[in-house]
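S.K.: Provide a 3D model corresponding to the input given below.
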Amino acid sequence: MAELKLSESRDLTRIERIGAHSHIRGLGLDSALEPRAVSEGMVGQTSARKAAGVILQMIKEGKIAGRAVLLAGQPGTGKTAIAMGIAKSLGQETPFAMIAGSELFSLEMSKTEALMQAFRKAIGVRIKEETEVIEGEVVEVQIDRPAVSGAASKTGKLTLKTTEMETVYDLGAKMIEALGKEKVQSGDVIAIDKASGKITKLGRSFSRSRDYDAMGPQTKLVQCPDGELQKRKEVVHCVTLHEIDVINSRTQGFLALFTGDTGEIRAEVREQIDTKVAEWREEGKAEIVPGVLFIDEVHMLDIECFSFLNRALENEMAPILVVATNRGITTIRGTNYKSPHGIPIDLLDRLLIICTQPYTEDEIRKILDIRSQEEDVEMSEEAKVLLTKIGVETSLRYAIHLITAAALACQKRKGKLVEMEDISRVYQLFLDVKRSTQYLMEYQNQYMFNEAPTGEGDDDESNAMLP
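M.R.: Below is the predicted model of the structure:
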């Protein structure tokens, strides 16, 4: 009998992509804000991480609204990783908006409008409202179905109890349908929102925990509610100012958030929203949560954007601005003037500057170990030593790119462990910047529109082009 081969099935419901910073889980600091050597995906950069930890603490305490931080350093020294670490450490409720400086010039709106929308995305509003809920343990669900289908709508009774009381409620067709969708049965603890009729299943009562021999791991056991069945509960909704802007400026309301076509929003709409949010704050209905706006490649902004940032940071509802750049002293875009990092001096004066340092050989080795683990690649000790050497001589990013390529080369030769030969093979196949520049120098005459200096007297200039 021929052997039956089953094709490998893949779970398509969970699509996990491994990004450049998917291994970052936080800043890797202890309770005293001291950086650990290797923690939460972060390696080295102890002084920069410590400074970022102080900023993080001030953000959490709400003491640094309208301030700006500059992450400055050479390419591949972990500036974006530190920003991602701040985002992960802040948690879900604090808004974190991220844009690249070059994005503003490709959007179908003015640069200042794009920046304003980014600012509003980074400011959260925690809106509190009180709602009446019915909360209790289901004693019995009784549904009367008509003998002839379509003759009459379904009716029924729902018996709920707490530790102190028990009540029977009459059910209409909509509530019966909602109970059916949630698969509510006797012994479940449920909450019913009186305004909307929404049913939430809180779990299963401890008193019914022995009803079945087998229960799934997702079954949550809860106590039977005490007190009265009808209660007033405070519900907290977390939204950003940009989401409120879009909902109030478009005819389709919140659906505009999903289409992505937000367009330009009029200043009058924003003023009315700011006034309303200020009223809610005074009444205690809402709370402002200043988030973080991270602008990568900030040197790509022009003088108009920098002027806008200067003004926007003075606003009372400004988020914390974190910008990153890898430029030295360079021209400010839109002018003929040079400045450190390509940022005007008046804006630089507002920034708290955090510098990142190049990684040491030991730190590069640890980062490559973390990336190999993240990309699920098993590598021999000799291969790791060779890859670390390549990272030191070329760049960390180039060495990281070789990990998956070497794993594929290993897979092709039907090996299980990435060896030195796999690293050497992909090193020959894919050039780094230095070797690519060297190749261009040798064959420059065969390329179109070559502007590199030629001749024997220009050797020094040619060497200067090599990184």
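S.K.: For the nearest residue to Glu297 once chain neighbours are set aside, which residues are in contact?
M.R.: Closest residue to Glu297 apart from its sequence neighbours, by CB to CB, 6 or more residues apart in numbering: Gly101 at 4.1 Å. Just so you know, the C-beta spots here come from the backbone N, C-alpha and C atoms, and that holds for glycine as well. By CB atoms under 8 Å, 6 or more residues apart in numbering, the residues touching Gly101 are 295-301.
S.K.: Which ones among the residues you listed map onto strands?
M.R.: Mapping the contacts of Gly101 onto strands (DSSP state E) picks out 295-296.
S.K.: Please convert the contacts of Gly101 to a markdown table, extending it with neighbour count.
M.R.: Putting these into a markdown table (neighbours: other CB atoms under 10 Å) gives the following:
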| residue | neighbour count |
| --- | --- |
| Ile295 | 25 |
| Asp296 | 20 |
| Glu297 | 18 |
| Val298 | 27 |
| His299 | 20 |
| Met300 | 18 |
| Leu301 | 26 |
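S.K.: which of the contacts of Gly101 lies closest to Ala83?
M.R.: Lowest distance from Ala83 to these (CB to CB) belongs to Asp296, with 7.6 Å.
S.K.: That closest one contacts Ile82, correct?
M.R.: No: with contact defined as CB atoms under 8 Å, Asp296 does not reach Ile82; the gap is 11.5 Å.
S.K.: residues of the longest strand along the chain that come out buried?
M.R.: Assignment by DSSP E gives strand 123-144 as the longest strand of the chain. Going by neighbour count (16 or more other CB atoms under 10 Å), the buried part of strand 123-144 is 123-125, 127, 133-138, 141.
S.K.: quick one on the thing from earlier: tell me how far the residue nearest to Glu297 lies from Gly391.
M.R.: Distance from Gly101 to Gly391, counting by CB to CB, to the nearest Å: 27 Å.
S.K.: Lys181 versus Ala118, what's the distance?
M.R.: Separation of Ala118 from Lys181 (CB to CB): 39 Å.
S.K.: Also Ile390?
M.R.: Distance from Ile390 to Lys181, counting by CB to CB: 57 Å.
S.K.: Of the two, which one has the most company?
M.R.: Taking neighbours as other CB atoms under 10 Å, Ile390 and Lys181 compare with Ile390 leading, 21 against 9.
S.K.: And the pLDDT for Ala407?
M.R.: Note for Ala407: predicted pLDDT of 92.
S.K.: Make sure it is actually in contact with Ala383.
M.R.: No: if you go by CB under 8 Å, Ala407 and Ala383 don't touch, sitting 10.5 Å apart.
S.K.: contacting residues for Lys88?
M.R.: Lys88 neighbours (CB under 8 Å, 6+ apart): 24-26, 40.
S.K.: And it, which helix or strand is it part of?
M.R.: helix 79-90 (DSSP states H and E).
S.K.: Can I get that helix as CSV, trimmed to CA atoms?
M.R.: Extracted as CSV, the C-alpha positions of helix 79-90 are listed here (Å, rounded to 0.1, in the frame of the first residue of the first chain):
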residue,chain,number,x,y,z
LYS,A,79,17.9,55.1,17.9
THR,A,80,14.6,53.6,16.6
ALA,A,81,15.0,50.6,18.9
ILE,A,82,15.1,53.0,21.9
ALA,A,83,11.9,54.8,20.6
MET,A,84,10.2,51.4,20.2
GLY,A,85,11.3,50.5,23.7
ILE,A,86,9.6,53.6,25.1
ALA,A,87,6.4,52.8,23.1
LYS,A,88,6.3,49.2,24.5
SER,A,89,7.0,50.4,28.1
LEU,A,90,4.2,52.9,28.0
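S.K.: i'd like the first residue to be 41 from this point on
M.R.: Understood, numbering begins at 41; the last thing we discussed is helix 119-130.
S.K.: Show me what secondary structure element comes after that helix.
M.R.: Remark: after helix 119-130, the chain's next helix or strand is strand 136-140, criterion DSSP H and E.
S.K.: could you give me the average pLDDT of that following strand?
M.R.: For strand 136-140, the mean per-residue pLDDT is 89.
S.K.: Any buried residues in that strand, and which?
M.R.: Within strand 136-140, the residues that count as buried by 16+ other CB under 10 Å are 136-139.
S.K.: how about the helix or strand hosting Leu198: buried residues?
M.R.: Taking DSSP H and E as the criterion, Leu198 maps to strand 195-201. Of all the residues in strand 195-201, those buried under the rule 16+ other CB under 10 Å are 196, 198-201.
S.K.: pLDDT and distance to Leu349 for those residues - can I get that in TSV?
M.R.: Shown next, in TSV, are the buried residues of strand 195-201 (pLDDT from 0 to 100; distance: CB to CB, whole Å):
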residue	pLDDT	distance to Leu349
Gly196	84	61
Leu198	86	57
Thr199	88	61
Leu200	88	56
Lys201	88	59
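S.K.: Given the strand holding Leu198, what are its sheet partners and their directions?
M.R.: The pairing partners recorded for strand 195-201 under DSSP bridges are strand 163-184 (antiparallel), strand 206-211 (antiparallel).
S.K.: would you put the C-alpha positions of that strand in CSV?
M.R.: Taking Å, rounded to 0.1, in the frame of the first residue of the first chain, the C-alpha atoms of strand 195-201 are listed here in CSV:
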residue,chain,number,x,y,z
THR,A,195,-40.8,35.1,24.0
GLY,A,196,-39.1,33.9,27.1
LYS,A,197,-38.0,34.5,30.7
LEU,A,198,-34.6,35.0,32.2
THR,A,199,-34.0,34.4,35.9
LEU,A,200,-31.0,36.2,37.4
LYS,A,201,-29.7,36.2,41.0
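S.K.: My read is that Phe229 contacts Cys264, right?
M.R.: To be clear, residue 229 is Val; Phe isn't right here. Yes: Val229 is in contact with Cys264 according to CB under 8 Å; the separation is 6.8 Å.
S.K.: which residues do those two both contact?
M.R.: Common neighbours of Val229 and Cys264, using CB under 8 Å, 6+ apart, are 176-177, 245.
S.K.: Show the residue spans covered by the helices in the stretch 241-390 of the chain.
M.R.: Secondary structure of the stretch 241-390 of the chain (DSSP state H, counting those that start in this stretch): helices at 281-289, 296-299, 307-323, 343-352, 385-388.
S.K.: if you compare these, which one is most tucked away?
M.R.: Mean neighbours per residue, mean count of other CB atoms under 10 Å, is largest over the helices of the stretch 241-390 of the chain for helix 281-289, with a mean of 20.
S.K.: angle of that one against strand 163-184?
M.R.: If you take axes from the mean of the first three to the mean of the last three CA atoms, to 10 degrees, helix 281-289 sits at 70 degrees to strand 163-184.
S.K.: from the chain's centre, how far out does helix 281-289 sit?
M.R.: How far helix 281-289 lies from its chain's middle: 21 Å, per CA atoms, centre = their mean, to the nearest Å.
S.K.: which secondary structure elements does that helix contact?
M.R.: Using 3 or more CB pairs under 8 Å, 6 or more residues apart in numbering; DSSP states H and E, the elements in contact with helix 281-289 are helix 151-161, strand 163-184, helix 296-299, helix 307-323.
S.K.: Now the first one: average pLDDT?
M.R.: If I follow you right, that is helix 151-161. Mean pLDDT, helix 151-161: 89.
S.K.: next one: the last one
M.R.: What helix 307-323 shows for mean pLDDT is 88.
S.K.: Thanks again, I'm all set now.
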